[in-house]
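In: sequence and computational prediction follow.
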Amino acid sequence: MTQRIQLAVNGAAGRMGRRIVALAAADDELQIVAALEHADSTLQGADAGELAGVGNLGIPITAELVDRPDVIIDFSLPAGLLAIARTCAERRIPLVAATTGLSQEERDTVLATSQEAPLILAPNMSMAVNLGMKLVGEASKALNGRGDGVDVEIIERHHRFKEDAPSGTALKFGEIVAEEMGQTDHVHGRHGATGKRPQSEIGYHALRTGDNVGEHTIVFGMMGETLEVTVRGHTRDSYAYGALAAAKFLASQSAGLYTMEDVLGL
Ligand SMILES: NC(=O)C1=CN([C@@H]2O[C@H](COP(=O)(O)OP(=O)(O)OC[C@H]3O[C@@H](n4cnc5c(N)ncnc54)[C@H](OP(=O)(O)O)[C@@H]3O)[C@@H](O)[C@H]2O)C=CC1
Ligand SMILES: O=C(O)C1=N[C@H](C(=O)O)C[C@H](O)C1
């Protein structure tokens, strides 16, 4: 029998961490070897499988990574990602980094990990969202320079518990559009006497309602017609399956920066 890929999960007691634990526990190619949380977590010592609803796995939530797993998946907070990225660089452990809400400086710090270890840093691991990014890139290229102008607005909806806005995915969509169309002003919501809308803007609108697991709509508004690209998550497993695929991909790579396009073959 081939050796299973030994997986550690950072943020293992969170909404995403629990889905990663549950799906990895049912995956013949993976073995969960560590479930990490910050030292102050009230869930220290609890069994990761029990928390994830898949029964006792004999893997307690802990703050310390004792052994060297083949790969780590992180869904935590910026501070948690920065700490685990440091560990991955020191021990040359492949890292799938999914946490959003990083400052530019934090992002650069995490990206530097790729000099020592294989790294994917992606705001969204879902197949549909990553395909949506390709489609939005194509649309932006095709619409660039259109005579009567194209107004791009990005609307995202997430659950009430989300701690960052706009979503990392919305920002990435904006980056993709701006790369093709050249908008330089990124505007977050509008209020008051805004004046006419300049073509140099991309507008971002973050809705926070109930238990929404994530929706993104990219609006290309023109004179006479509108094109919209929408991606809707139905469950968190859309992200979790992508993260597990990324972990399997990354476990056998050498140090460097990889993308979800590499993983998904897009
Ligand atoms: N790339 C992608 O595809 C996706 C990315 N995300 C991103 O993943 C992140 C987590 O989302 P979600 O699971 O919903 O959030 P949760 O708040 O449910 O989970 C985060 C977990 O990380 C824990 N944590 C906090 N600080 C640390 C630390 N220093 N070290 C280790 N663990 C820590 C939290 O503990 P405590 O609750 O005690 O603070 C919590 O258990 C967010 O940034 C979100 O935007 C989410 C979905 C998809
Ligand atoms: O916090 C979430 O839930 C999500 N966060 C990610 C983001 O900020 O883009 C990805 C997904 O939309 C779910």
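Out: Cool, got the structure. What you see is a predicted model, and the numbers here were worked out from it, not measured in a lab. Ligands and ions are numbered 1, 2, ... in the order given.
In: residues of the stretch 151-266 of the chain that sit close to ligand 2?
Out: Within the stretch 151-266 of the chain, the positions adjacent to ligand 2 are 158, 162, 167-169, 214 by C-beta under 6 Å from any ligand atom. C-betas here are computed from N, CA, C, even on glycine.
In: among those residues, which are in helices?
Out: 168-169 (DSSP state H).
In: who wins on neighbours among the residues of the stretch 151-266 of the chain next to ligand 2?
Out: Greatest neighbour count in these, by other C-beta atoms under 10 Å, goes to Thr169: 26 neighbours.
In: ok, for Asp164, nearest residue in space, not its chain neighbours?
Out: Excluding the flanking residues, the one nearest Asp164 by C-beta to C-beta, 6 or more residues apart in numbering is Gly101, at 3.0 Å.
In: quick one: contacts for that neighbour?
Out: Gly101 makes contacts with 77-78, 163-164, 168, as judged by C-beta atoms under 8 Å, 6 or more residues apart in numbering.
In: all the strands of the chain, residue numbers only.
Out: Ranges of strands in the chain, per DSSP state E, are 5-10, 30-36, 61-62, 71-74, 95-97, 118-121, 151-158, 185-188, 201-208, 215-221, 226-232, 256-258.
In: would you indicate which residues of stretch 139-147 are buried?
Out: Residues 139-140, 143 are the ones in stretch 139-147 that count as buried (16 or more other C-beta atoms under 10 Å).
In: what residues does it touch?
Out: Counting by C-beta under 8 Å, 6+ apart, 150, 152, 176-177, 179-182, 218, 220, 222, 227, 229 sit against stretch 139-147.
In: now these as a markdown table including pLDDT, neighbour count and distance to Leu51?
Out: Shown next, in a markdown table, are those (pLDDT from 0 to 100; neighbours: other C-beta atoms under 10 Å; distance: C-beta to C-beta, whole Å):
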| residue | pLDDT | neighbour count | distance to Leu51 |
| --- | --- | --- | --- |
| Val150 | 97 | 23 | 46 |
| Val152 | 98 | 22 | 41 |
| Ile176 | 98 | 21 | 36 |
| Val177 | 98 | 24 | 39 |
| Glu179 | 98 | 12 | 40 |
| Glu180 | 98 | 16 | 43 |
| Met181 | 98 | 20 | 44 |
| Gly182 | 97 | 12 | 47 |
| Ile218 | 98 | 26 | 35 |
| Phe220 | 98 | 21 | 42 |
| Met222 | 97 | 14 | 49 |
| Leu227 | 98 | 14 | 43 |
| Val229 | 98 | 17 | 36 |
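In: hang on, Gln113 packs against Leu95?
Out: Not quite, residue 113 is Thr, not Gln. Yes - Thr113 lies in contact with Leu95 (C-beta atoms under 8 Å); the separation is 6.1 Å.
In: joint contacts of those two?
Out: In contact with both Thr113 and Leu95: 85, 88, 119, using C-beta under 8 Å, 6+ apart.
In: which helix is the longest one in the protein?
Out: In the chain, taking DSSP H as the definition, the longest helix is helix 127-143.
In: please name the residues that touch the residue of the stretch 51-200 of the chain at minimum distance from ligand 1.
Out: The nearest approach of the stretch 51-200 of the chain to ligand 1 comes at Gly80, 2.7 Å away (C-beta to the nearest ligand atom). By C-beta under 8 Å, 6+ apart, Gly80 lies in contact with 10-11, 38, 74, 99.
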